[in-house]
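In: Below: sequence and its predicted model.
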Amino acid sequence: MQYLVVIEKGTSSFGAYVPDLPGCVAVGETRAEVAELIHEAIEFHLAGMKEDGLPIPEPHSTGELVDVHA
């Protein structure tokens, strides 16, 4: 499965979240670090859902970059 991950740059760190997995988040000092941590967080989140007998949500969110003139 592939889930959309949103990565945002803050003032001193990067944050990431998965729209299709509420509560699945990660924070890191670099973009590379947060990408690695959110990958681990997704696996941990899904394992916890399986352990609790919850259905694994199908990925539905998508993303697209849009060019605009500003």
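Out: Nice, thanks for sending it over.

In: Can you pull the phi/psi pair for Y3?
Out: phi -110, psi 140 (degrees, to the nearest 10).

In: Repeat that for F14.
Out: According to degrees, to the nearest 10, F14 has phi -120, psi 140.

In: Would you mind confirming that it makes contact with I7?
Out: Yes. The pair F14 and I7 qualifies as a contact (CB atoms under 8 Å) at a distance of 6.0 Å. (C-beta placed from N, C-alpha, C; glycine too.)

In: Now do the shared contacts for the two.
Out: R31, V34 (CB atoms under 8 Å, 6 or more residues apart in numbering).

In: Between those two, which has more neighbouring residues?
Out: F14 (20 against 14; other CB atoms under 10 Å).

In: Report the beta-bridge partner residues of the more buried one.
Out: K9, G28 (DSSP bridges).

In: any idea how far it is from L4?
Out: Counting by CB to CB, to the nearest Å, the gap from F14 to L4 is 16 Å.

In: ok, now G53?
Out: From G53 over to L4 (counting by CB to CB), the distance is 25 Å.

In: and P55, that's in a strand?
Out: No. Counting by DSSP: H, G, I helix; E, B strand; the rest coil, P55 is not found in a strand; it is coil.

In: what residues are up against it?
Out: Applying CB under 8 Å, 6+ apart, the residues contacting P55 are M49.

In: those helices in the chain, which residues are they?
Out: 31-51 (DSSP state H).

In: where does it have low pLDDT?
Out: By pLDDT under 70, the chain contains no weakly predicted segment.

In: next one: stretch 59-70 to chain centre, how far?
Out: 16 Å (CA atoms, centre = their mean, to the nearest Å).

In: Just the CA atoms of it, as CSV, please.
Out: The C-alpha trace of stretch 59-70 is given here as CSV (Å, rounded to 0.1, in the frame of the first residue of the first chain):
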residue,chain,number,x,y,z
PRO,A,59,-5.4,4.8,0.9
HIS,A,60,-7.7,7.4,-0.5
SER,A,61,-5.9,10.7,-0.3
THR,A,62,-3.8,12.0,-3.2
GLY,A,63,-1.7,15.1,-3.7
GLU,A,64,-0.8,17.4,-6.5
LEU,A,65,1.4,20.4,-6.9
VAL,A,66,-0.3,23.3,-8.6
ASP,A,67,1.7,26.1,-10.3
VAL,A,68,0.2,29.6,-9.7
HIS,A,69,1.4,33.1,-10.6
ALA,A,70,1.8,35.1,-7.5
